[in-house]
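[1] Coordinates for the following, if possible.
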Amino acid sequence: MPETEPVAAEQARSTAWQTALTVLQEVEPPTVTPGSHAMTVVIEYPAGDPGAPPHRHPGGPAFGYVIEGEMLFELEGEAPRVVRAGEAFWEPGGDLIHYQDGNNRADTLLRFTVTMLCQPDQPMLVLVDDEELAQRKDRRVPRPA
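    Take a look at the predicted model:
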């Protein structure tokens, strides 16, 4: 029987792990309540798609990473910004409105992953109605003319 390559455990230890890690973002999220759960999803929007309607994550923070394309990202109290492939984003959750997560490009797909943490007995995502958006319009950063 021919000799085969040794399995990983028998090979010399690699040092690649020492430089394989790249920090994408580092934040101090709210405390995670015992009994909370996490959900990681991949979201894909076609070219030019506006994304999810205004919403919030009442049960906790959300952490994301753009895999492909560009996202137009806007949180209450912050100016809209573009998050490109290879960049990370996060939102603290709670009462804060997430206005935009749409595809910023009309010529390519947007694909991103999000890990959402959620306290027990709280929904992962809640849409914000037009009446509340009107009541809180002063909290949205004005767009340049």
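
[2] Next up, the contacts around the spatially most central residue of the chain.
    Centre of the chain computed as the mean C-alpha position; nearest residue by Cα atoms, centre = their mean is residue 64, 2.2 Å away. In this structure, residue 64 makes contact with 83, 88-90, 112-115, judged by Cβ atoms under 8 Å, 6 or more residues apart in numbering. Where you see a C-beta, it was placed from the backbone N, CA and C, and this is true even at glycine.

[3] three-state assignment of it?
    Applying DSSP: H, G, I helix; E, B strand; the rest coil to residue 64 yields a three-state assignment of strand.

[4] Let me see the contact set for the closest residue to residue 106 other than its chain neighbours.
    Taking Cβ to Cβ, 6 or more residues apart in numbering as the measure, residue 106 lies nearest to residue 48, with 4.3 Å between them; neighbours along the chain are not counted. By Cβ under 8 Å, 6+ apart, the contact set of residue 48 is 103, 105-106.
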